[in-house]
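Chemist: Quick one, structure for this:
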Amino acid sequence: MLKVGDKAPDFKLMTDKEEEVQLSDFLGKSNVILYFYPKDNTSGCTKEACSFRDNIEPIETKDAVVLGVSPDSVKSHQKFKGKQNLNFTLLSDPEHEVAEAYGAWGEKSMYGKKYMGILRTTFIIGQDGTIKHVFEKVKPAGHAEQVLTELENLN
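Modeler: Just a heads-up that it's a prediction; the model follows:
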């Protein structure tokens, strides 16, 4: 897992608008809220996404952009974004390479079965490309408010 002060690994992923985006596009311009979530249209992930949606204006006033990352396809992201009226970018990481680079991919367990999947994690990445804060084992409800508080502490 990456920690505060580490250089955030650059990446290039497809957006829900079928465009490539990379972390370095934001350097010197915006703080990046990079949040990893397991699956589109599931209860916890929907709750977390809607929390970011509802808090996007105060987040943007802190010179920050929100990027949600999951292994889902671009098409799945488009449906999720439309259904929930999301106002930020979703990124498709089907091979979970970015999740692995950030330490947000690992062993999980459900009903006694072990499997590999996304570990719900959020990173605040500064305009200089370094990690300013890490939220591990994120609880979806109220998470955007936690991120906003942390952004206020950075300024």
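Chemist: CA only for contacts and neighbour counts going forward, please
Modeler: Fine.
Chemist: isn't Arg67 right up against Ser92?
Modeler: Slight slip there: residue 67 is Leu, not Arg. No: the criterion here is C-alpha atoms under 8 Å, and Leu67 misses it with Ser92 at 10.4 Å.
Chemist: Could you grab the helix/strand/coil label for Lys47?
Modeler: Three-state assignment for Lys47 (DSSP: H, G, I helix; E, B strand; the rest coil): helix.
Chemist: That should have said His133, apologies.
Modeler: Three-state call for His133 (three-state DSSP): strand.
Chemist: Low-confidence stretches in this structure?
Modeler: Residue ranges of the chain with pLDDT under 70: 155.
Chemist: And the strands in it?
Modeler: Along the chain, counting by DSSP state E, strands occupy 12-15, 20-22, 31-36, 64-70, 89-92, 105-110, 113-118, 121-125, 131-135.
Chemist: which one of the ones you listed lies closest to Leu2?
Modeler: When the strands of the chain are compared by C-alpha to C-alpha, strand 131-135 sits nearest Leu2, at 8.0 Å.
Chemist: Out of the strands of the chain, which is closest to Asn153?
Modeler: That would be strand 131-135 among the strands of the chain, by C-alpha to C-alpha, at 10.4 Å.
Chemist: Check the offset of that closest one from the chain's centre.
Modeler: With C-alpha atoms, centre = their mean, to the nearest Å as the basis, strand 131-135 stands 12 Å off its chain's centre.
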